[in-house]
Structure formats: C-alpha cells, structure tokens
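K.L.:
here's a sequence, model it:
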Amino acid sequence: MGRYETVIGLEVHAQLATQSKLFCSCSNRFGDEPNVNVCAVCSGMPGVLPVLNEKAVEYACKMAMAIDCAINERSIFARKNYFYPDLPKGYQISQFETPLAERGKVRITVGAAEKVIGVTRIHLEDDAGKLIHSPAENVSRVDLNRSGTPLIEIVSEPDLRGAEEAVAYLKELRAILVYLGICDGNMEEGSFRCDANVSLRPAGQEQFGTRAELKNMNSFRHVQKAIEYEVARQADLLDDGEQVIQETRLYDADKGVTVSMRGKEQAHDYRYFPDPDLPPIVVAKEKLAALRAGLPELPRAKRERFVADCGIPAQDALVLTQEKELADYFEAALAAGADPKKAANWIMTEFLRELNQAGLAPGAAKMTPEKLAALIKLIDSGAISGKIGKQIFPDLFTSGDDPGAYVAAKGLAQISDASALEAAVDAALAESQAEVAAFKGGKTKLMGFFVGLVMKKTKGQANPGLVNELLAKKLG
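P.N.:
Numbers count the residues shown, from 1 in each chain. So this is what the prediction gives:
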C-alpha cells in the first residue's frame, strides 16, 4: 500500500453536558426510561418556538477557544432538512454558512512526532432521537429522549494520514472536552462519536481520491480497525483497476469489516436555509473574555508541566493526562508526598492494570492517591521491598486497606537486621556449593542466583541491599 497516501477527515459530534436540551427545558440526562424527557418543542409539535440554551453556547465557545478557533461575531442557525423516523420536526437545527467558530488547530503526538491538524469549523446543532429495533417482534420503536440534545460538531481538515493519527486526534479532542467539563466523552453512550471520511490517492498526487464515510464506531479501537479495513479495501479496488464509490459505510465490529449503507448525500440535498424562529447568535466580547479567563489547564499544558516540574518522560506524561481523572489522581498522590517518577510508574503499571481488570474509573478505586503514596513511602523507607509492594498491591486495591496497617497485620515488614539475615545467607551458600565454587572461579553473574535464593528463603522480606552486602563479604 506504499503506492497510495491515505487521506482522512473526521467529523466529531460531542454531546454537551448541559442540564437541559438545546431549545427547551427538558432534561438532558442519559439512561432514563424512553420518552420521559420530551415536550412539544423537542417532539416537533407544530406552532412551538425554540428558545436557545445559553449554557450550550458558552460550552461551545470554550471548546472553540481551547483549540484556537476564531469565534464569529455573528453566527446563524439553519434548518437541515431530511426525513428519518427519529427526526420528528422533519429537519435538524444546525449551522451551515456561518458557524459559531472556524479555523482551529489540534496538536497531536504520534510516537515521537508532533503534528498540527486543522479544524475547519465548530457548529452547534440539536441531536435526533433514537430508533430501537426489535428483530424478534419485527418492530422498531422511537425514543425521543435524545431529540434536542445539544451537540457541537467539530469538523477537521483532511490532514490525517492514517488510522494511528486519527485515533491520536480523537483522543486529544476527547481529553480537551473532558478537561473543559463540557462533555463526559463516553463513546459507548454516544456522547462522543465520530464519522470518518477516508480516501486514497496515488503517492505524490495533490488531488483527493473518492471518499467513503464510515459510521457506527463507538470506541477508539473500532475507529482504528474500521479505518485500517477501509484503507485496505480501497487499495484492493484501485489495484484491480476499479473505482471507489462515494458512499456511507457502517463498521461491523463483529466481522471487522465495513459494509455499504447508502450512496453519499451531497450538502445541497439537505436544502439548508436560515431558521426563521431563531435569531443570530451574538456573544458579547466581555462574555468571551470572561470565558477565556475561566478556562482550566488543558491536557497539553498539563503534560508540559508534568515533564518540566516532575521530571517524567513525555510519553509517561501523555499516558497520565489522557484521562483527567488519572491526571488528578497523579497530582493527588504527589500532594500526599509520593515521589513523582515512582508514582508515575506505579500508576501506569500496577494501578492501571487493576483499574482495567475491575472496569473502574480512577476516582472510583478504593486505592486512593493517599494510600498509593503511603505504599511508595513504605518502600522508600525500607519497611517493605518493592517486590512485596507489588505482591500486595492487588489486595490493597481491592480492599482499600491502609498499606501500613496491612503490612503490620500480615507480618510483611522487610528484614533489615544483619544478624537475622545471616542465617538465611549461610543456608543458601551451604546448599549451593557448586555455585559457590563457580562464583569464586570467576562466574560473578551468579550473585543474582544467590540473592534470589536468600529472598526465597525469607519469602521476599529480606532487604536486597543488605543481602548483597552479606553475600559479598562471605564470598570474598
């Protein structure tokens, strides 16, 4: 596939975490019984008038500022006309010719390389409802709880050149949204979702190839797999002298393939026109200044601070800041007195492993940042060895016990008394005469063997440094 260059543009829909919907006062809560959060406005009854949610505009402006977009002084709502059973009005309220914001950029890191991805526009729109299909009953039902939910659509330039870049861009966007507190970023629940426009062109050619739009990707892994499959599919077509058809394709996660859904509609098919019921959005300069002043520290700035102030590698900082809760956990551990590099290592290995196995968010773990800091301090003080720390970590994670109390109750304190260790060292050497002779004959790498034997005899509780000292003394 070196003959072709992959070109990808992403359209991301982020559901704004407002309490009410975009044009009415219905609850914007996920997971309620179907059709309980519905009124005459969001169900599309004739004669009703939409009223814009000011908080949604503020949230959209914050995202625009976070990715360096220019916010238009005046933006217009438009009606996007199409028929679908879960669209009760017969049109979606969106923005077309004059969106809220334009010309932004997102910096991503892929491996050791950084790249800037252009953002064409951010616009506000309301969401459609949801169709619930029941093959067993041969019926489809409509749930309008989601109808009218506030969304921002973030449209990238076609600057992405592969599935890995696309996933990195999505992760960065999601992190920014979550750090801003304007979207929960839950892909499985649909509050953060994307469509990918994928095309290939011969290497060195400037003109874009024919694109396919991919839908139905509800995880980063699905995004990557869908794009990789689509790139291979289009390359096979081009290699065989066939043409790529412009169409919308769905990703089938069970089979790992994309399948044709429909021919791609062009924008003019939607018959956009300004919404006569909604005035233009005009955000006062003073309001914008106040919003900008209230922006939190964003993922990239936090990563740079972690590298500069904590002395951790850039890749570690990237892992720790991808999720806001994890970054907060790390900072809380530091505040409790943990060494930054050691805290980062424990979080990225033991803590993340246990989190993933338990399916928990960092904030829900019984192993609090303060308890992790206490465990690290026990190891630093010599009270227990790092090996013992790793052995007891799963229990501490599950139980939430205080590490000091747990170690005392289990009798796991590290043995740092030379006289107490000497017997174990003597026993290890006595039963390893052949290895002792080999060591004295020049095979000094056997020192690790002796240390391991002593650690085994003391059930991992011996102070490794002291064991090395005693062995070196006795082996001459």
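K.L.:
for the stretch 51-200 of the chain, what spans make up the helices?
P.N.:
54-66, 163-180 (DSSP state H, counting those that start in this stretch).
K.L.:
who wins for proximity to Gly31 among those?
P.N.:
For these, distance to Gly31 was read as Cβ to Cβ. The smallest value, 18.8 Å, belongs to helix 163-180. To be clear about C-beta, it is placed using only N, CA and C from the backbone, and glycine gets the same treatment.
K.L.:
between that closest one and helix 54-66, how many degrees?
P.N.:
On the basis of axes from the mean of the first three to the mean of the last three Cα atoms, to 10 degrees, helix 163-180 is oriented at 130 degrees to helix 54-66.
K.L.:
still on that earlier bit, compare the helices of the stretch 51-200 of the chain and give me the one nearest Glu33.
P.N.:
The nearest among the helices of the stretch 51-200 of the chain, by Cβ to Cβ, is helix 54-66 at 24.2 Å.
K.L.:
mind saving the C-alpha coords of the closest one as CSV?
P.N.:
Presented in CSV, the C-alpha positions along helix 54-66 are these (Å, rounded to 0.1, in the frame of the first residue of the first chain):
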residue,chain,number,x,y,z
GLU,A,54,-27.2,30.0,26.7
LYS,A,55,-25.1,27.5,28.6
ALA,A,56,-24.7,25.4,25.4
VAL,A,57,-23.4,28.4,23.6
GLU,A,58,-20.9,29.1,26.4
TYR,A,59,-19.7,25.5,26.3
ALA,A,60,-19.2,25.6,22.5
CYS,A,61,-17.3,28.9,22.8
LYS,A,62,-15.0,27.3,25.4
MET,A,63,-14.1,24.4,23.0
ALA,A,64,-13.5,26.9,20.2
MET,A,65,-11.1,28.8,22.4
ALA,A,66,-9.3,25.6,23.6
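K.L.:
buried stuff in it?
P.N.:
For helix 54-66, the neighbour count (16 or more other Cβ atoms under 10 Å) marks Lys55, Ala56, Val57, Glu58, Tyr59, Ala60, Cys61, Lys62, Met63, Ala64, Met65, Ala66 as buried.
K.L.:
could you do stretch 447-465 as well?
P.N.:
Phe450, Val451, Leu453, Val454, Met455, Lys457, Thr458, Gly460, Gln461, Ala462, Asn463, Pro464.
K.L.:
which of these fall within helices?
P.N.:
Phe450, Val451, Leu453, Val454, Met455, Lys457, Pro464 (DSSP state H).
K.L.:
Phe330: which of those residues is nearest?
P.N.:
Proximity of those to Phe330 (Cβ to Cβ) peaks at Pro464, which lies at 27.2 Å.
K.L.:
how about the nearest residue to Asp159, chain neighbours excluded?
P.N.:
Of all residues beyond its chain neighbours, the one nearest Asp159 is Ile117 (4.8 Å), with distances taken as Cβ to Cβ, 6 or more residues apart in numbering.
K.L.:
for that neighbour, name its beta-bridge partners.
P.N.:
Val106 (DSSP bridges).
K.L.:
surely it touches Val155?
P.N.:
No: counting by Cβ atoms under 8 Å, Ile117 stays clear of Val155, with 11.3 Å between them.
K.L.:
neighbour-wise, which of those two wins?
P.N.:
Neighbour tally, Ile117 and Val155, criterion other Cβ atoms under 10 Å: the higher count belongs to Ile117, 24 against 19.
K.L.:
mind listing what that one touches?
P.N.:
Lys105, Val106, Arg107, Ile108, Ser156, Glu157, Asp159, Leu160, Glu165, Tyr169 (Cβ atoms under 8 Å, 6 or more residues apart in numbering).
K.L.:
one more: Phe330?
P.N.:
Phe306, Leu320, Ala343, Ala344, Ile347, Pro369.
K.L.:
per-residue confidence at it?
P.N.:
Predicted confidence (pLDDT) for Phe330: 98.
K.L.:
how much space separates Ile132 from Ser140?
P.N.:
7 Å (Cβ to Cβ, to the nearest Å).
K.L.:
for the residue lying closest to Tyr59 once chain neighbours are set aside, give its distance to Ala284.
P.N.:
Distances taken as Cβ to Cβ, 6+ apart place Ile182 nearest to Tyr59, at 4.0 Å, with adjacent residues excluded. Separation of Ile182 from Ala284 (Cβ to Cβ) stands at 20 Å.
K.L.:
fine by me, we can end here.
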